[in-house]
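Colleague: below is the sequence, then the predicted model.
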Amino acid sequence: MKKTVVITGAAGFIGSHLCRYLLEKDYSVIGIDNFITGQKKNIEALFSNPDFNFIEHDITKYIDITGSVDYIMHFASPASPIDFPKVPIQILKVNALGTHNVMGLAKEKKARVLIASTSEVYGDPLVHPQPETYLGNVNPIGIRGVYDEAKRFAESMTMAYHRIHGVDTRIMRIFNTYGPHMRGDDGRVVPNFILQAFQNKPLTVYGDGSQTRSFCYVSDNIEGGYRLLMSDYTDPVNIGSTFEITILEFAQLIIELSGSKSEIRYEPLPEGDPKMRRPDLSRANNILQWKPMVGIRDGLKATINWFRDELQ
């Protein structure tokens, strides 16, 4: 019998890659999404696969799954800065009520569950790079607080179910991930820069561009998440890249790789925007024997080519 994996947020950027990855590993996959930010086109090609079943459902309401479930991967949540002021209550609800329902399903089915947390739990960090032991510097009432605090709450809910009900849990703290299937309008720097470059429009850099990010290609993210799911480790684990680049350097790289004639336009830095972001990957290296394999240039070329194909 094939093992069954439930994936919430299955039509999202990372969720849709997860569906493909697990189907290729010969799992039976049940995808759940309500399309608040997920896109049906990300998973339509999977509908003909007999090992893939899709349920359109809002997981802030009770989740009813027939039959056995071996694993749950909880990736449902709007996650882009552009979503924070648009759907703040939905973000809070899916990470609170939704995580509660996911944990209830895991308890009922005796399934192992991995939740997708985020580097945003560290806020605007005062420690660099960020180890999992760092408790963060988060503004709970800022624009970004609805996502930062929602994910912190989801981690707390996960550990409560682990300690009180013995649910077999994993926590994956995802750092900036990019690749095919990103929404063009999601407001994150990768699609923003690529689409501006395609149109030879100025690339919008906030502040002086000295703030840093560490970008992890989606295939590396998926492999790290799967290794964590299969491990025996229950404390949070960072999954990301240690290759740190300034936003200005990143913009210049996008211009180069896309062959664009764009220039740089500077805008004021948004409220709460982290000044630096790079994971300490010691846990992932030592416990999962995992490290990112796709270099920034190769990953960006693949992403640029995918966006180019999408726009044709």
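Modeller: Received it, and whenever you're ready, just let me know what you need.
Colleague: now do the helices in the stretch 1-150 of the chain.
Modeller: 13-24, 88-109, 145-165 (DSSP state H, counting those that start in this stretch).
Colleague: I misspoke; the intended subject was the stretch 201-312 of the chain.
Modeller: Along the stretch 201-312 of the chain, the stretches classed as helices by DSSP H, counting those that start in this stretch are 218-230, 247-258, 282-288, 296-311.
Colleague: turn the ones you listed into TSV, including mean neighbour count.
Modeller: From N, CA and C alone the C-beta is placed, and that goes for glycine too. Formatted as TSV, these follow (neighbours: other CB atoms under 10 Å):
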stretch	mean neighbour count
helix 218-230	20
helix 247-258	19
helix 282-288	17
helix 296-311	16
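Colleague: using a markdown table, lay out these together with distance to residue 17.
Modeller: Below are these laid out as a markdown table (distance: least, CB to CB, whole Å):
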| stretch | distance to residue 17 |
| --- | --- |
| helix 218-230 | 5 |
| helix 247-258 | 21 |
| helix 282-288 | 18 |
| helix 296-311 | 12 |
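Colleague: pLDDT score for the residue lying farthest from the centre of the chain?
Modeller: Relative to the centre of the chain, the most outlying C-alpha is that of residue 261, 30.8 Å out, by CA atoms, centre = their mean. pLDDT recorded at residue 261 is 96.
Colleague: go ahead and confirm it touches residue 200.
Modeller: Yes: in this structure residue 261 lies within contact range of residue 200 using CB atoms under 8 Å: 4.7 Å.
Colleague: list the contacts for residue 229?
Modeller: Listed by CB atoms under 8 Å, 6 or more residues apart in numbering, the contact partners of residue 229 are 71, 73, 112, 114, 170.
Colleague: nearest residue to the last one other than its sequence neighbours?
Modeller: What sits nearest to residue 170 in space, not counting adjacent residues and going by CB to CB, 6 or more residues apart in numbering, is residue 114, at 4.0 Å.
Colleague: ok, residue 31 next?
Modeller: Using CB to CB, 6+ apart and skipping the chain neighbours, the partner closest in space to residue 31 is residue 10 (2.9 Å).
Colleague: nearest to residue 42, of the helices of the stretch 1-150 of the chain?
Modeller: Proximity to residue 42 (CB to CB) singles out helix 13-24 among the helices of the stretch 1-150 of the chain, at 3.7 Å.
Colleague: list the residues that contact residue 116.
Modeller: Taking CB under 8 Å, 6+ apart, we find residue 116 in contact with 9, 14, 73, 74, 75, 77, 172, 174, 225.
Colleague: which among these count as buried?
Modeller: Neighbour-count burial (16 or more other CB atoms under 10 Å) is assigned, among the contacts of residue 116, to 9, 14, 73, 74, 75, 77, 172, 174, 225.
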